[in-house]
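Student: From the sequence below, what's the structure:
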Amino acid sequence: STGPSIPGVTKEQYCEGCRVTMQEVNNQLNIKESRTFKESDTYLKELCDDVAPWHPLYVETVCRKLVPEYTLTIRGLIQMMVGNLEDSVCSHMLKVCPEPPKPEKNETGIGKDDKQMKKKRRRRKSKTTTNFGVSVLEL
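Tutor: Numbers count the residues shown, from 1 in each chain. The predicted structure is shown next:
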C-alpha cells in the first residue's frame, strides 16, 4: 500500500486512522435520512472533534488531514451509499491500506457466490408453469 503520508505517522497508523475515521462516518450516517449533503457536511465538520477523545492521537491527526482534503469525495460516496467506506477510501482511493481480499475463486474462475446465484437463477427458470397451473417439473 502506497499513498499520501503524514509526518510522524507510520503507514500502519495512517491505515488504522483512515479505517477508524471511515467507520465513524459509516456508523453515524447509516440512516437513509441522514445521508443528505447538508447533514453529511455538518457531520464531517465535527467528526474529528468527536473522534479525538476516544482514539489515539494519530487517529485524530489522520482525520484532520483526510476529512478537509477529501470532504467532497467522501460526501459523494455517502450519497452513492457505497456501503464500505473503509475499503473505498482507505484501500482503493488513498491506497494507504492493503486491498481487501478478493472473493475466493474455484478452479473454473467463478466465485462461490457467483455459482450459487447461477444455481438460484437456474432453479427459478426451470420451474415454469403451464396454462393449467401445473409445474412442468411435476409432470
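Student: Give the buried residues for the strand or helix carrying residue 76.
Tutor: According to DSSP states H and E, residue 76 maps onto helix 57-80. Across helix 57-80, burial judged by 16 or more other C-beta atoms under 10 Å covers 58-67, 70, 74-75, 77-78. (C-beta placed from N, C-alpha, C; glycine too.)
Student: ok, those vs residue 21, which is closest?
Tutor: residue 63 (4.6 Å; C-beta to C-beta).
Student: Go ahead and confirm that closest one touches residue 54.
Tutor: No: Residue 63 lies out of contact with residue 54 (C-beta atoms under 8 Å); the separation is 11.3 Å.
Student: quick one: contacts for residue 24?
Tutor: By C-beta atoms under 8 Å, 6 or more residues apart in numbering, the contact set of residue 24 is 47, 50, 51.
Student: List buried residues within those residues.
Tutor: Using 16+ other C-beta under 10 Å, the buried members of the contacts of residue 24 are 47, 51.
Student: Among the contacts of residue 24, name the ones in strands.
Tutor: Using DSSP state E, no member of the contacts of residue 24 sits in strands.
Student: And the contacts of residue 24, which is closest to residue 11?
Tutor: Nearest member of the contacts of residue 24 to residue 11, counting by C-beta to C-beta, is residue 51, at 19.6 Å.
Student: State the pLDDT value of that closest one.
Tutor: Model confidence at residue 51, expressed as pLDDT, equals 91.
Student: Could you number the chain from 54 rather than 1 from now on?
Tutor: Done: numbering now begins at 54, and the last item shifts to residue 104.
Student: returning to that earlier point: closest one of the buried residues of helix 110-133 to residue 76?
Tutor: Once C-beta to C-beta is applied, the member of the buried residues of helix 110-133 that ends up nearest residue 76 is residue 112, at 10.4 Å.
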